[in-house]
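Q: Need coordinates for the below:
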Amino acid sequence: MKTNPKIFYISLTVGSGVQNTGDRIGTMFDKYSKDNPGKFLVYSHQNSSSTLADELIKFKPDVIMLNEHYYRCFVAILFHKKYNPDTVIIYFNHCYPRLVEFPTKARQEEGVEYGTLTDAFLQSCDLIYNLNHHPSDEPYVYHLRKKIKDMYFPIPREQWYITTPWSKRKRLFMFWGGVFPIKFSEKFVNAIAHTDLEVDVYGKIYEENDRYKEYKPYWEKVRKTNQLKVMGRIEDDNLLEVVNSYKFFICPHYGTEPFMLTLGESCMAGTIPLMHNDVGGGRAGQNWRAWADGLYIDHDSIDSLINRMKLVRNVHNDPDYAAILEKYSYDISEAMSSRLNYDRFKRDLFTFIFGKEESK
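A: Okay, the predicted model is just below:
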């Protein structure tokens, strides 16, 4: 590896936690980019394989990094690697099942051609970071094991921390994130409508976007439920303070996903998650929140979650109860910061690329 390699980082503008995580990895190179002008490029455009291949040819990278799984990116990277075999490939994988199955057999609905392409790309990689929970009883494909590292998606501690002690917070229940049934279940919406509880719901609702038209009846129900106060999206500059103003993060989850950034960020802010996890089937979903185990209060049903909310509403100001939960709030903040440690992730990545913890 060259002393100051040229790094081409592909992190597409796709929104959600994928882009958020990709952006955070990109910030690790802010100092390197400033100290080495023209040596670090972030490519975010959702262009064709041929356009991306042309950009790689122009930039002539020593290292290509890819955030998440995109076939058009695989094609361009493999083409570049074929004619530039010394190029180092680093891949940030968000869903562990892609690495535990033979790709030619996995995701059969996409066909053998795509499975073969995935397999070829994974074998071309020099380092693969798996960012979500990987169950120990599902070993990685044998020919990939030596190049895979399990490291959870990083969240910078300077962005997420406690600003207001738990007992001093004025508001009780919040949900924030993507207002979709997977993260804020319709069963919960139906159930809370028959209570006198109140939850402030923060997040963007895409009612005018035809891409999400299947969710319009759900969003209409959310808006019409008096117990749910739709607050809109929180601006980034206010996000930490708003989350720190609530005591509990309500998380009635349904379905499967790689991870949930708002769960990790809420813990780091000391806002205690009250969860119900109905995965609705699916292997990955059975493990999706294992990275947060022990740092949330779990419930085996929606009714149990509702009953807990009623209980804490009645006793949250009791000094003895508040003292216990204030300590819990601090403990989950510290523990989650350790699990999703941004600095540890950066040290590992930089050691691989530069042979040392920090670039000069």
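Q: which ones are touching residue 333?
A: For residue 333, the contacting residues are 161-162, 267-270, by Cβ atoms under 8 Å, 6 or more residues apart in numbering. Every residue, glycine included, has its C-beta placed from N, CA and C.
Q: Put the buried members of those residues into a ChimeraX selection.
A: Selection of buried members from the contacts of residue 333 for ChimeraX, criterion 16 or more other Cβ atoms under 10 Å:
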select :162,267,268,269,270
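Q: Let's see which of the contacts of residue 333 end up in helices.
A: Per DSSP state H, helices hold the following members of the contacts of residue 333: 267-268.
Q: And the helix or strand harbouring residue 119, what's buried?
A: Per DSSP states H and E, residue 119 falls inside helix 111-124. Going by neighbour count (16+ other Cβ under 10 Å), the buried part of helix 111-124 is 114-115, 117-119, 121-122, 124.
Q: Going by distance to residue 48, which of those residues wins?
A: Distance to residue 48 across those (Cβ to Cβ) is lowest for residue 117, with 15.0 Å.
Q: With adjacent residues omitted, what lies nearest to the closest one?
A: Using Cβ to Cβ, 6 or more residues apart in numbering and skipping the chain neighbours, the partner closest in space to residue 117 is residue 74 (5.4 Å).
Q: is it true that that neighbour touches residue 116?
A: No: when contacts are counted by Cβ atoms under 8 Å, residue 74 is not listed as touching residue 116 (10.5 Å).
Q: pLDDT averaged over the longest strand anywhere in the chain - what is it?
A: Assignment by DSSP state E gives strand 246-254 as the longest strand of the chain. Taken as a whole, strand 246-254 has a mean pLDDT of 96.
Q: now do stretch 214-225
A: Mean predicted lDDT for stretch 214-225 stands at 93.
Q: ok, now stretch 56-69?
A: Stretch 56-69 comes out at a mean pLDDT of 97.
Q: ok, now stretch 333-350?
A: Confidence over stretch 333-350 (mean pLDDT, whole number) is 98.
Q: ok so, going back, for the buried residues of helix 111-124, give me a markdown table that also has distance to residue 332 and pLDDT.
A: A markdown table is the format used below for these (distance: Cβ to Cβ, whole Å; pLDDT from 0 to 100):
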| residue | distance to residue 332 | pLDDT |
| --- | --- | --- |
| 114 | 40 | 65 |
| 115 | 40 | 72 |
| 117 | 41 | 87 |
| 118 | 36 | 88 |
| 119 | 39 | 88 |
| 121 | 37 | 95 |
| 122 | 35 | 94 |
| 124 | 39 | 97 |
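Q: just for the stretch 251-360 of the chain, where's the confidence low?
A: Residues of the stretch 251-360 of the chain that meet the criterion pLDDT under 70 lie in 280-286, 357-360.
Q: Going along the chain, name the strands of it.
A: Here the stretch 251-360 of the chain has its strands, by DSSP state E, counting those that start in this stretch, at 272-278, 297-299.
Q: burial measure for residue 238, as a count.
A: 10 (other Cβ atoms under 10 Å).
Q: what's near enough to touch it?
A: For residue 238, the contact set (Cβ under 8 Å, 6+ apart) is empty.
Q: Same check on the one 10 residues further on?
A: For residue 248, the contacting residues are 172-174, 271-274, 309, 312, taking Cβ under 8 Å, 6+ apart as the criterion.
Q: picking that back up, okay, now the sheet partners of the longest strand of the chain, with direction.
A: Paired strands of strand 246-254, with direction, are strand 171-176 (parallel), strand 272-278 (parallel) (DSSP bridges).
Q: And the longest one, how far out from the chain middle?
A: So that's strand 272-278. Distance, stretch centre to chain centre, for strand 272-278: 17 Å (Cα atoms, centre = their mean, to the nearest Å).
Q: again with the first one
A: Using Cα atoms, centre = their mean, we find the averaged C-alpha position of strand 171-176 to lie 20 Å away from the chain's own average C-alpha position.
Q: Give the rounded mean pLDDT of it.
A: The average of the pLDDT scores along strand 171-176 is 98.
Q: Can you tell me what sits against stretch 226-235?
A: 176, 179, 189, 192-193, 195-205, 222-223, 242-243.
Q: Centre of the chain to it, how far?
A: On the basis of Cα atoms, centre = their mean, stretch 226-235 sits 22 Å off its chain's mean C-alpha point.
Q: before we move on, what about stretch 71-87?
A: That offset, for stretch 71-87, works out to 26 Å (Cα atoms, centre = their mean).
Q: now stretch 39-55
A: A distance of 23 Å separates the centroid of the chain from that of stretch 39-55, by Cα atoms, centre = their mean.
Q: how about that stretch: buried residues?
A: For stretch 39-55, by 16+ other Cβ under 10 Å, it's 39-44, 47, 49, 52-53, 55.
Q: Stretch 225-232 now?
A: Within stretch 225-232, the residues that qualify as buried by neighbour count (16+ other Cβ under 10 Å) are 225, 228.
Q: Same question for stretch 304-312.
A: 305-306, 308-309, 312.
Q: Export the residues you listed to CSV and append columns for distance to residue 89.
A: CSV is the format used below for the buried residues of stretch 304-312 (distance: Cβ to Cβ, whole Å):
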residue, distance to residue 89
305, 44
306, 48
308, 47
309, 47
312, 49
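Q: returning to that earlier point: for the longest strand of the chain, C-alpha coordinates in CSV please.
A: Output of strand 246-254 as CSV, limited to C-alpha atoms (Å, rounded to 0.1, in the frame of the first residue of the first chain):
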residue,chain,number,x,y,z
TYR,A,246,-37.9,12.7,26.8
LYS,A,247,-37.7,9.9,29.4
PHE,A,248,-38.7,7.0,27.2
PHE,A,249,-38.3,5.9,23.5
ILE,A,250,-41.4,3.8,22.5
CYS,A,251,-40.4,1.1,20.1
PRO,A,252,-43.2,-1.2,19.0
HIS,A,253,-41.3,-3.0,16.2
TYR,A,254,-42.8,-5.3,13.6
